[in-house]
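S.K.: next input, structure requested:
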Amino acid sequence: MAPPTGTGSTFGSGSPARSPGASGACACHPMSVQSGIPEMSETSELGGRNYMSVDISVIIPTFRRQRQLAQALASVLGQVGVTLDVFVVDDCPDGSAREVVEQLQDPRITYLRNRTPSGGVPSIVRNLGWPHAGAAYIHFLDDDDIVPEGHYAAVKAAFESHPRVGLVFGRIEPFGDCPEEQLQQERCYFAEAARHAKRSARFGRRFGFTGSMLFGSALLICSGGIVRRECVVRLGGFDPHVRLMEDAEFYCRVMRSYGALFLDRVSIHYRIGSPSLMHSPNPSAEQRRQEREGHRLMWTNYRRDYGIFEFFALALLTRALLTLL
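M.R.: Take a look at the predicted model:
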């Protein structure tokens with residue numbers, strides 16, 4: 001969809017504006033959404049700034065998590081060895097994140113408020129953010145996760161060493177105030193996911209990872225990967241029809257189309273709540289339904305894009321490898 005036309009509180013029909021405030025602090029823009037993916041700008045400059053000089057653009061969708069958002073932003077802004085900018089996309093009707101952003105007074109941050117909240121569909125909110133980013137790489141960071149020190153510099157170096165790879169991801173380190181038993185369960189899950197990622201890498205940059213995402217357990221969460229911007233543009237971002245497992249579906253498409261690189265280092269500190277939506281020991285009927293629907297859409301999209309023969313061949317190969325390894 002094109003950015004809404006008009007003046008005042010809405011974007012114009014050209015490139016999305018990014019005008020710093022009087023003090024040079026963050027830019028704050030309201031926005032509206034009617035579909036999942038806004039139309040891309042044809043220029044690499046927003047508000048006169050050449051965004052291709054920025055290494056990493058960070059997209060943070062948020063909804064009423066002021067304290068966690070402040071911690072996430074601090075972990076991003078403290079990264080060294082890279083240039084970056086941040087787009088906070090507020091899906092809350094009362095603009096709960098605005099104060100957090102304004103207090104930081106950092107010109108690298110742009111605040112975007114969704115005037116028509118998505119109702120809890122993160123794919124839509126992320127798709128509102130990435131068209132405003134012009135950096136070489138994009139990080140879709142959840143508003144309660146923490147980026148490890150030095151991570152962005154390591155990812156930039158990895159991309160530069162592997163210019164044909166579209167995605168770089170690493171190990172997930174859970175933390176949080178949840179019960180210790182739940183935290184240990186999450187740590188065991190992601191430790192196994194890291195081992196699985198290393199095994200999958202033996203079969204190349206694409207099909208080992210893709211098969212694991214389609215027919216095994218997820219290798220990463222949304223915050224755990226960083227993607228080349230050109231890959232996000234060509235794939236059209238996240239599928240707004242996938243409500244749960246939308247990040248797995250997106251990364252599966254990136255892996256298959258452009259390949260991935262696994263770094264055996266912590267890529268994200270992943271905050272665990274109680275209960276965990278991802279690995280609840282007693283998921284609700286609605287959660288199970290959404291998980292099944294997420295898998296169904298992943299498989300449907302893959303068969304549409306790459307054909308039914310490749311889909312079933314990859315399924316057989318992946319299940320055989322999962323048994324042997």
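
S.K.: quick check: buried residues in the host helix or strand of residue 68?
M.R.: Remark: residue 68 resides in helix 66-77, with elements defined by DSSP states H and E. By neighbour count, and taking 16 or more other Cβ atoms under 10 Å as the criterion, the buried residues in helix 66-77 are 66, 68-73, 75-76. In short, each C-beta sits where N, CA and C put it, glycine included.

S.K.: and what of stretch 285-300?
M.R.: Buried positions in stretch 285-300, judged by neighbour count with 16+ other Cβ under 10 Å: 290, 294-295, 297-299.

S.K.: for residue 261, which three-state class applies?
M.R.: Taking DSSP: H, G, I helix; E, B strand; the rest coil as the rule, one finds residue 261 in the strand state.

S.K.: tell me what residue 228 is bridged to.
M.R.: residue 137 (DSSP bridges).

S.K.: how about the helices in the stretch 51-200 of the chain?
M.R.: Counting by DSSP state H, counting those that start in this stretch, the stretch 51-200 of the chain has helices at residues 66-77, 98-104, 122-129, 151-161, 180-200.

S.K.: thinking again about what came up before, taking helix 151-161 as reference, get the angle to the helix holding residue 68.
M.R.: Here helix 66-77 points in a direction 50 degrees away from that of helix 151-161 (axes from the mean of the first three to the mean of the last three Cα atoms, to 10 degrees).

S.K.: if we can go back for a sec, dump the helices of the stretch 51-200 of the chain to a markdown table, plus mean pLDDT and distance to residue 139.
M.R.: Converted to a markdown table, those look like this (pLDDT from 0 to 100; distance: least, Cβ to Cβ, whole Å):
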| stretch | mean pLDDT | distance to residue 139 |
| --- | --- | --- |
| helix 66-77 | 96 | 8 |
| helix 98-104 | 94 | 17 |
| helix 122-129 | 94 | 11 |
| helix 151-161 | 98 | 8 |
| helix 180-200 | 93 | 18 |
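
S.K.: looking at those, which is buried most?
M.R.: When neighbours are counted by mean count of other Cβ atoms under 10 Å, the highest per-stretch mean among those falls to helix 122-129, a mean of 26.

S.K.: much appreciated, bye for now.
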